Every structure is written in C-alpha cells, then in structure tokens.
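S.K.: structure for this input, please:
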Amino acid sequence: MKKFCLALDLIDDPKLIAEYENYHQNIWPKVRQSILDSGIINMEIYRVQNRLFMIIEAEDSFSFEAKNDVDQNNPKVQEWEELMWKFQHQLPTSKEGEKWRLMDRIFTL
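M.R.: Residues are numbered from 1 along each chain as shown. Alright, predicted model coming up:
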C-alpha cells in the first residue's frame, strides 16, 4: 500500500471555509466513485485555520498521473474541481493552477 500526504490552503474566509467543509460532508457520488476507482482506499482531510492536510492510502498500482488522465475526461469530477477552486488558495510556492502539493516525510517512528 502507498501513503501520500498533501497540503493546500483555503481562502481565509470563515463563511467560505464552512461552505467548503459542508461540501465535504456529502461529496458527490460520481466524485466519490472516481476516487475509489483510481485505487485510493482511504482519504482523509484535516484542517487547521485555513491550511488543509490530506492523507491518501492507495493500492500499489495507484498513480496521480493515471488518476489525472481519467479525471480530465470525467465531466462531474471537472465540475467538482472547478467548484472547489472557489474555496482553495494555492500554497505560495505552487505552480500556476497547482492545487494539492505532495509533502515530504521528514520523520517516522
């Protein structure tokens, strides 16, 4: 199994943050299915202030590139991503259009 940790910021507005969290209480079924179909077994998102932290556990065959290729051809996923961009704010060193950033593990016990 593979594990990935990613980070992203939200626009620092309490109303937008609450709306973002509300969407994630009941994600769209086709978006949920696309996540599972990609080989992701478990996904969790945590928040502190406007910083998000995502943990993904995935099958060994999972790749972000393959998931992205499939997502690009899924209109519902594209609609979701466009909607989420209303709430999200790139990390300062992100490339244009880059959302979630992979984090480097610096410690393990």
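S.K.: show me where this structure has its strands.
M.R.: Remark: strands assigned in the chain by DSSP state E are 2-10, 40-48, 51-58, 88-89, 101-102.
S.K.: quick one: which of the ones you listed is nearest Q25?
M.R.: Closest of these to Q25 is strand 40-48, at 11.3 Å (criterion: Cβ to Cβ). Using the backbone N, CA and C atoms, a C-beta is placed for each residue, glycine as well.
S.K.: which parts of the closest one are buried?
M.R.: 40, 43 (16 or more other Cβ atoms under 10 Å).
S.K.: make a markdown table out of the strands of the chain and add mean pLDDT and distance to Y20.
M.R.: Formatted as a markdown table, these follow (pLDDT from 0 to 100; distance: least, Cβ to Cβ, whole Å):
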| stretch | mean pLDDT | distance to Y20 |
| --- | --- | --- |
| strand 2-10 | 97 | 6 |
| strand 40-48 | 98 | 9 |
| strand 51-58 | 98 | 9 |
| strand 88-89 | 94 | 8 |
| strand 101-102 | 95 | 17 |
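S.K.: redo the ones you listed as CSV? Include distance to K30.
M.R.: Converted to CSV, those look like this (distance: least, Cβ to Cβ, whole Å):
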stretch, distance to K30
strand 2-10, 22
strand 40-48, 15
strand 51-58, 19
strand 88-89, 20
strand 101-102, 25
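S.K.: and those strands: which comes nearest W80?
M.R.: That would be strand 88-89 among these, by Cβ to Cβ, at 11.8 Å.
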